[in-house]
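> Test case, fold it:
(one chain, ligands or ions: 1)
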Amino acid sequence: MKTRRLFLQKASLSAMALAVPAFNPLSAMTNSMNIVSKDSEVLRVAIMGLGSYGTRVAEAIQDCNRVKLVGVISGTPSKVEDWKSTYNIPAKNCYDYDNFDAIKDNPDIDAVYVITPNALHKDQVIRVAKAGKHAICEKPMAISAEDGQAMVDACKTAGVHLLIGYRMHFEPNTLEVIRMRKDGELGEIRFFQGLCGFVIGDPTQWRLDRILSGGGAMMDIGIYAINGARYMIGEEPIWVTAQEVKTDSEKFKEGIDETITFQLGFPNGVIASCLSTYNMNNLDRFYLNGSNGWVEMQPSTGYGPIEGQTHAGPLTEPIVTHQTVQMDEMAAIIFEGKQPEVPVNGEEGVKDMKIIDAIFEAVKTGEKVALNLS
Ligand code: NDP
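Next up, the predicted model:
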């Protein structure tokens, strides 16, 4: 069984390099309608980090067709006990942060989903890869492009997939906007606006500790505007400018950004104008303008339902649980080499990290910073 599984996994990695199927707008919908072929393999996942988002993912996995939660990696024994009984997880599939390298000898786990504080992702993903398991990692994939690249390299060396938890890449209304843009229904794209933020609470949480977070709002929520600008416009930016405003330097210490406005320039003159903040609520809005049409989405990246208007009417694609669809699609990527409409691989994550690095540099220097994402 182990040999067959390993063969299939390696085979699907090679197939990935060869097969680039055309975009099938029905794929996300098919998934949301719970259709799965009888002989589809099931991806057996262990979650690392049983916090707020890990809990959400675990619940969403219960509705997956092709994914099963089979293990946990946690530093909190009481949570492990809870999860064992809630999700029927056997003791042999429970690990802590010291002993999880032993997962390499556990044939019942195919992949580990890393859902811990940002700065821990790099070492944890590299250890998962060295254990021969596929790695799924939350955004931001790391706290710098250099760290992100090291993760990509480690997974390549180990022959395992590295997938980033970009759940919006599977969200039906988002995919519909991408289809409209690709089919020319918006004409020539001219402008994107992405506004992403919320008021952060507890000043003692890891998100406000630079060592664990690697930055403030930008790493956490601003990344949605960066990633969204790229998939909405459908090009890679070539420069960035950025400005920072801080109203509370006690809560938002050195290295923790509170509010940053930034502008991305694209090759054909398209501009993205974005806002990332930990100081404003109800900020979750995308706007895309083309020569023949427009799209306005609000909420645009929250857990949903994602809603929006276009010049041709409202967006009416099915409402799905993002993490359920994401996980089923990730099983298809791993086992069949399926190519999602917008990539979720490690390279995609590194591009966002390069932009974040450049935004921080632009804030510091006040200069326009050139980007090379190719
Ligand atoms: P939480 O603080 O709720 O949970 C993080 C968990 O990581 C903890 O509960 C803990 O689990 C584990 N952990 C390990 N080491 C540490 C440490 N030194 N300090 C704190 N926790 C530690 O965070 P979230 O779940 O909200 O975020 C986790 C990751 O998920 C982040 O990278 C974040 O950006 C991402 N995220 C993504 C979202 C999305 O929509 N894609 C939404 C929310 C978050 P344990 O006790 O089991 O060890």
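> Next to the ligand in this structure, residues from the stretch 1-150 of the chain, please.
Within reach of the ligand by Cβ under 6 Å from any ligand atom, the stretch 1-150 of the chain has these residues: 49-54, 74-76, 79, 115-118, 120, 138-139. C-betas here are computed from N, CA, C, even on glycine.
> Excluding chain neighbours, give the residue nearest to the residue of the chain found nearest the ligand in space.
Each residue of the chain has a distance to the ligand, by Cβ to the nearest ligand atom, and the smallest belongs to residue 51, at 1.8 Å. In space, not counting the residues next to it along the chain, residue 51 is nearest to residue 115; the distance is 6.7 Å by Cβ to Cβ, 6 or more residues apart in numbering.
> List the residues that contact that neighbour.
Contacts of residue 115 were listed using Cβ atoms under 8 Å, 6 or more residues apart in numbering, and they are 47-49, 51, 53-54, 57, 138, 165.
> what do you get for residue 355?
Under the criterion of Cβ under 8 Å, 6+ apart, the contact partners of residue 355 comprise 226, 237, 240, 264, 371, 373.
> and the fourth one, that one's in a strand?
Same thing as residue 264. Yes. Using DSSP: H, G, I helix; E, B strand; the rest coil, the secondary structure at residue 264 is a strand.
> What degree of burial does it show, as a neighbour count?
Counted with other Cβ atoms under 10 Å, residues neighbouring residue 264 total 28.
> What score does it have for pLDDT?
On pLDDT, residue 264 comes in at 98.
> Also residue 17?
As summarised for this prediction, residue 17 has a pLDDT of 37.
> Helices of the stretch 101-250 of the chain, start to end?
121-130, 145-158, 172-182, 210-213, 217, 223-233 (DSSP state H, counting those that start in this stretch).
> Is it possible to get these out as CSV so that each row also shows distance to residue 203, mean neighbour count and mean pLDDT?
Rendered in CSV, the data for those read as follows (distance: least, Cβ to Cβ, whole Å; neighbours: other Cβ atoms under 10 Å; pLDDT from 0 to 100):
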stretch, distance to residue 203, mean neighbour count, mean pLDDT
helix 121-130, 23, 23, 98
helix 145-158, 26, 19, 98
helix 172-182, 33, 20, 98
helix 210-213, 13, 16, 98
helix 217, 14, 26, 98
helix 223-233, 22, 25, 98
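> got these as CSV, with distance to residue 94 columns?
Converted to CSV, these look like this (distance: least, Cβ to Cβ, whole Å):
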stretch, distance to residue 94
helix 121-130, 16
helix 145-158, 23
helix 172-182, 35
helix 210-213, 24
helix 217, 34
helix 223-233, 31
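> Could you break the protein into its assigned domains?
Per automatic domain parsing, the structural domains of the chain span 4-166, 172-318+346-370.
> Show me the contact partners of stretch 170-183.
23, 25, 28-29, 31-32, 168, 186, 189, 231-232, 234, 288, 290, 293, 295, 297, 300, 304, 306-308, 310, 315, 317-320, 322, 325-326, 329, 340-342.
> ok, now with 7 Å
Applying Cβ atoms under 7 Å, 6 or more residues apart in numbering, the contact partners of stretch 170-183 are 25, 28-29, 32, 168, 186, 189, 231-232, 234, 288, 295, 306, 308, 310, 315, 317-318, 320, 322, 325-326, 329, 340-342.
> By mean pLDDT, flag the weakest helix or strand of this protein.
Across the helices and strands of the chain, the lowest-confidence element by mean pLDDT, DSSP states H and E is helix 2-18, at a mean of 38.
> The residue lying closest to residue 124 once chain neighbours are set aside bridge partners, please.
Taking Cβ to Cβ, 6+ apart, and ignoring the residues beside it in sequence, residue 124 has residue 114 as its nearest neighbour in space, at 5.0 Å. Partner residues in beta bridges with residue 114: residue 48, residue 137, with DSSP bridges as the criterion.
> Look up how far residue 328 lies from residue 114.
Here the criterion is Cβ to Cβ, to the nearest Å. By it, residue 114 lies 19 Å from residue 328.
> sorry, back to before: tell me which two in the contacts of residue 115 are the farthest apart.
Maximum pairwise distance among the contacts of residue 115 (Cβ to Cβ): 13.5 Å, between 51 and 165.
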